[in-house]
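S.K.: Predicted model and sequence below, questions to follow.
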Amino acid sequence: MTADTPAPRKPKRLREGDTVAVIAPASSWENRSELLRGVAGLEAWGLQVRLGEHVNDRHGYMAGTDADRAADLHAALRDPEVRAIVCLQGGYGTPRLIPLLDEAAFAHNPKALCGFSDLTTLHLAQQRWANVISFYSNGAAGIGAADVTEFSKASLKRALFSDEPYGQIGPNPDDPYVRTIVGGRVTGRLAGGCAGLLSSAVGTRLQPDFRGRIVILEEIDNEGYIHDGILTQLRNAGMFDGAAGIVVGDIKSKWSGGIAELSAEDIVEEVLAPLGLPLIFGLPIGHNKHHATVPLGALATLDATAGTLVVEEVVTED
């Protein structure tokens, strides 16, 4: 997708009684209750849940073989009764699916896709092949987890069920401070996800195209040099050339104890600020206590000077 791409399609708005599929395209559950609680959480919203055939499979650190995980995804996309797809969780596995993904299955079935972290790969497929808004959000395991916050659940439910403009993303209800690194105000469509997964897609059929986009970047807690390497690779590969702005979640660096450290905030400032794009740090997106759902593909305004990101449109349709 580029700045010249037509406005994205919108997935169908959910209503009580609708059917959603739960699949595991990346890692499997550790305890079966993670899946059961996720199903219960979706059912509490009045939804009917259809499980993927291989959702309980295990293959090392992945939820079944590559072929079986891809088959569940394609089946959910093609099932006319499934209104939305809620991935179980991230972990690892979707980059291995890139050669197996069916472009036509995405293009002909523009339905809501929910998940984050490793599911970034599938959001890239949705953006490239279906041109449909998708939701960088908690997956089913997150919806059902004991420690999921009402803030996180409410943001996803609003995205899926509301007929009003989605509105502001964040701030963190516990700490509303957001740092302006480079000021400015821009409007563009949202793109991005987990920085490491975006980096791993460079050079593949799903290489990101961020021209004209407000790019969302988030990550797990890594040692500083890992954050540095990921962001430097994206920058050096030209991924931010022509982007409208950048929003970085509240990522943190671990201390290895062996070398002098830069914080994640330091690294963002050193690697990304010289690009001159409006840039903020600290929204509650991704691997945090609070996870605001990001409707990728939706039109938003980043006021980096004020530290705000606001989605200006309804993100589903009847």
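M.R.: Okay, I see it.
S.K.: How much space separates I280 from L302?
M.R.: I280 sits 7 Å away from L302, going by CB to CB, to the nearest Å. Bear in mind the C-beta positions are built from the backbone N, C-alpha and C, glycine included.
S.K.: which residues are common contacts for the two?
M.R.: Shared contacts of I280 and L302 (CB atoms under 8 Å, 6 or more residues apart in numbering): 247, 309.
S.K.: Let me know the pLDDT of D4.
M.R.: Looking at D4, its pLDDT reads 59.
S.K.: Then the one 10 residues further on?
M.R.: In this model, L14 is scored at 98, pLDDT.
S.K.: what about it, how many neighbours?
M.R.: Neighbours of L14 under the rule other CB atoms under 10 Å: 22.
S.K.: isn't it right up against V82?
M.R.: No. L14 lies out of contact with V82 (CB atoms under 8 Å); the separation is 11.2 Å.
S.K.: Mutual contacts of these two, please.
M.R.: Common neighbours of L14 and V82 are listed as V20 (criterion: CB under 8 Å, 6+ apart).
S.K.: which residues of the stretch 201-318 of the chain score low on pLDDT?
M.R.: Confidence mapping of the stretch 201-318 of the chain against pLDDT under 70 gives the ranges 256-260.
S.K.: And the strands in it, which stretches?
M.R.: 213-218, 222-223, 245-249, 253-254, 279-283, 294-296, 299-303, 308-311 (DSSP state E, counting those that start in this stretch).
S.K.: Show me the strands paired with the second one, marking each as parallel or antiparallel.
M.R.: Paired neighbours of strand 222-223 in the sheet (DSSP bridges): strand 253-254 (parallel).
S.K.: Just the residues contacting the partner strand, thanks.
M.R.: With CB under 8 Å, 6+ apart as the test, strand 253-254 has contacts from 221-224, 227, 261-264, 267.
S.K.: So which of those is surrounded by the most neighbours?
M.R.: H227 leads the contacts of strand 253-254 on contacts (other CB under 10 Å) with 28 neighbours.
S.K.: re the thing from before, out of the contacts of strand 253-254, which sit inside helices?
M.R.: 224, 227, 264, 267 (DSSP state H).
S.K.: pretty sure the third one is in contact with K252, am I right?
M.R.: In other words, A264. Yes. Contact criterion CB under 8 Å: A264 and K252 qualify, at 5.5 Å.
S.K.: Ignoring the adjacent residues along the chain, who's closest to I280?
M.R.: A304 (5.0 Å; CB to CB, 6 or more residues apart in numbering).
S.K.: Would you check that that neighbour makes contact with L272?
M.R.: No. Taking contacts as CB under 8 Å, A304 lies outside contact range of L272: 12.0 Å.
S.K.: Now for the two: what residues contact both?
M.R.: Going by CB under 8 Å, 6+ apart, residues that sit against A304 and also against L272 are 181, 279.
S.K.: Rebuild the contacts of strand 253-254 as CSV, extending it with distance to G196.
M.R.: Converted to CSV, the contacts of strand 253-254 look like this (distance: CB to CB, whole Å):
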residue, distance to G196
D221, 12
N222, 8
E223, 13
G224, 14
H227, 9
E261, 19
L262, 17
S263, 18
A264, 13
I267, 14
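S.K.: wait, which of the residues you listed is closest to R69?
M.R.: N222 (25.2 Å; CB to CB).
S.K.: So in terms of bridging, what pairs with that closest one?
M.R.: S253.
S.K.: which residues sit in contact with it?
M.R.: 230, 251, 253-254.
S.K.: can you check W29 too?
M.R.: W29 neighbours (CB under 8 Å, 6+ apart): 35, 56, 63, 88-89, 141.
S.K.: Show me those that map onto helices.
M.R.: Applying DSSP H to those, the entries found in helices are 35, 141.
S.K.: Quick check: of the contacts of W29, which lies closest to V186?
M.R.: Using CB to CB, those come closest to V186 at Q89, 32.5 Å.
S.K.: what about that closest one, distance to N138?
M.R.: 9 Å.
S.K.: shared neighbours of the two, anything?
M.R.: Common neighbours of Q89 and N138 (CB under 8 Å, 6+ apart) are G115.
S.K.: Tell me, how many residues neighbour the residue nearest to I280?
M.R.: 25.
S.K.: Next: S33.
M.R.: Burial measure for S33: 12 neighbouring residues, criterion other CB under 10 Å.
S.K.: wait, V310 sits on R185?
M.R.: No. The criterion here is CB under 8 Å, and V310 misses it with R185 at 10.8 Å.
S.K.: if I've got this straight, A21 is in a strand?
M.R.: Yes. Assignment of A21 by DSSP: H, G, I helix; E, B strand; the rest coil places it within a strand.
S.K.: And the longest strand anywhere in the chain, what's buried?
M.R.: The longest strand of the chain (DSSP state E) is strand 185-194. Buried residues in strand 185-194, counted by 16 or more other CB atoms under 10 Å: 186, 188-194.
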